[in-house]
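Novice: my questions concern the predicted model and sequence given below.
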Amino acid sequence: MKSLSITLLSTFFLVSGCATRVQQIYSPPPVQRVSAVAGSGSRPAPKPVALPASAMPRVMIIVDEKSLGTIATAEVEAMAVRKMISLNIPVVDQDMVRANIAKGQQMLIAAGDNRGAAALGAQFGADIVLIGEAVAKPSARRISDTNLRSYQAVATLRAVRTDNSTTLAAASDDVTVVGLEDVSGSAKALRGAGEKVLDTLLPDMLARWAPAGAGGTGADTFDHYVEMTVGGVDQMWKLKALRDTLRGRTSELRDVAQRSYTAGVAEFSMESALPTEELAELLVMSPPDGLKLQILDIGSGKIQARAVVP
């Protein structure tokens, strides 16, 4: 009887040990709570950009923004204005922009490509146009048996220079949030996506603008696309002197191309290390041999001049 008790006790401890071992092996991992609120958790802070106020570009914002997929809103635009004001970046009056664009929707359609955006921005005196799209939509069904619903927003923005139509920076991101009501849920999702995109885009935009804006470009930085029209070139020697002068300034200009020559008017295109106004001043101070240049007009990436014999 005693031996039977010992056997049963040993069997009990053996089975208990096996159960404990199995529990240790197959015990589920601890559950981690994940917050569904946009912007929660740690995210790296935007890269700081040291740029004097005088060198800051003037920015115009054109964002095709839709809440619930169809309702026009301005959550991303308002956030962009706040962030740029905090960085001391001058912003074109958005009310004026909307009023003028509302008069002709073809202007907004034309701004879909870089050249259209640059041309539209130049009309409002902007150095950079911030253009893109943002849309927020709710999920098709509620979460379980609650009134909660998830809302997803996608924002895509790019910064385009108005003087040469080049893209300085671009960013795209999406956010999913949980909300009780469609309007507030979509707005929260748009703000979350907009914040992530702007925190990436604005430092990159300023970093690429800084060399030209601060006047500290080197010989290898040709950030300005310039088209130059010169009248009064009624003889071939004048055309050759003008062309040789432009192509000879390798430290300030590159890829100088003669586009046309008709009835004494020559057209050139080039990439410049200097802003348009500084290039015009340089050409006046150091004109082609035997000629003098009179500047008639300086625009966004454009110079109109006339060549005369001194």
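Specialist: Alright, I've got the coordinates. Numbers count the residues shown, from 1 in each chain.
Novice: residue 287 touches residue 305, doesn't it?
Specialist: No. Residue 287 lies out of contact with residue 305 (C-beta atoms under 8 Å); the separation is 9.7 Å. C-beta: built from backbone N, CA, C; applies to glycine.
Novice: quick check: neighbours shared by these two?
Specialist: residue 293 (C-beta atoms under 8 Å, 6 or more residues apart in numbering).
Novice: more neighbours: which of these two?
Specialist: residue 305 (23 against 19; other C-beta atoms under 10 Å).
Novice: so how far is residue 249 from residue 191?
Specialist: Residue 191 is 48 Å from residue 249, where distance means C-beta to C-beta, to the nearest Å.
Novice: so between the two, which is more surrounded?
Specialist: Taking neighbours as other C-beta under 10 Å, residue 191 and residue 249 compare with residue 191 leading, 22 against 18.
Novice: make sure that one is indeed in a helix.
Specialist: Yes. Assigned with DSSP: H, G, I helix; E, B strand; the rest coil, residue 191 falls within a helix.
Novice: which stretches of the stretch 201-310 of the chain form helices?
Specialist: 236-248, 276-285 (DSSP state H, counting those that start in this stretch).
Novice: quick one, which of those helices is nearest to residue 265?
Specialist: helix 236-248 (10.2 Å; C-beta to C-beta).
Novice: show me what the closest one is in contact with.
Specialist: With C-beta under 8 Å, 6+ apart, helix 236-248 has contacts from 228, 230, 232-233, 253, 256, 258, 261, 266, 268, 270, 283, 286-291, 307.
Novice: selecting buried members of those residues in ChimeraX, what would you type?
Specialist: Selection command for ChimeraX covering only the buried members of the contacts of helix 236-248, criterion 16 or more other C-beta atoms under 10 Å:
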select :228,230,232,233,253,256,266,268,270,283,287,288,291,307
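Novice: related to what we said a few turns ago, nearest to residue 87, out of the helices of the stretch 201-310 of the chain?
Specialist: So among the helices of the stretch 201-310 of the chain, helix 276-285 is nearest, using C-beta to C-beta, at 24.8 Å.
Novice: show the average pLDDT along that closest one.
Specialist: Averaging pLDDT along helix 276-285 gives 91.
Novice: give me the contact list for that helix.
Specialist: Outside helix 276-285, the residues that touch it by C-beta under 8 Å, 6+ apart are 163, 224, 226, 245, 249, 252-253, 272, 274, 293-295, 298-303, 305.
Novice: try stretch 171-178
Specialist: For stretch 171-178, contacts defined as C-beta under 8 Å, 6+ apart pick out 36-39, 143, 148-158, 185, 188-189, 192-193, 196-198, 200-201, 204.
Novice: same question, stretch 56-63
Specialist: Contact with stretch 56-63 is made by 74, 76-77, 80-81, 84, 87-92, 94, 97, 101, 108, 111, 117, 120-121, 124-134, 157, 159, 206, 209, 213, as judged by C-beta under 8 Å, 6+ apart.
Novice: send the alpha carbons of that stretch over as PDB?
Specialist: Provided in PDB are the C-alpha atoms of stretch 56-63 (Å, rounded to 0.1, in the frame of the first residue of the first chain):
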ATOM      1  CA  MET A  56      13.500  82.800 -47.200                       C
ATOM      2  CA  PRO A  57      11.400  82.000 -50.300                       C
ATOM      3  CA  ARG A  58       7.900  83.300 -50.700                       C
ATOM      4  CA  VAL A  59       5.600  80.300 -51.000                       C
ATOM      5  CA  MET A  60       2.200  79.800 -52.500                       C
ATOM      6  CA  ILE A  61       0.000  76.700 -51.600                       C
ATOM      7  CA  ILE A  62      -2.300  74.900 -54.000                       C
ATOM      8  CA  VAL A  63      -3.600  71.700 -52.500                       C
END
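Novice: so for it, what gets flagged as buried?
Specialist: Across stretch 56-63, burial judged by 16+ other C-beta under 10 Å covers 56-57, 59-63.
Novice: what's the most distant pair in those residues?
Specialist: Checking the buried residues of stretch 56-63 with C-beta to C-beta, the most distant pair is 56 and 63, at 20.3 Å.
Novice: residues in contact with residue 152?
Specialist: 136-137, 139, 174-176, 189.
Novice: check residue 293 too.
Specialist: By C-beta under 8 Å, 6+ apart, the contact set of residue 293 is 230, 283-284, 287, 305-308.
Novice: swap in 7 Å and give it another go.
Specialist: Contact analysis of residue 293 by C-beta atoms under 7 Å, 6 or more residues apart in numbering lists 283-284, 287, 305, 307.
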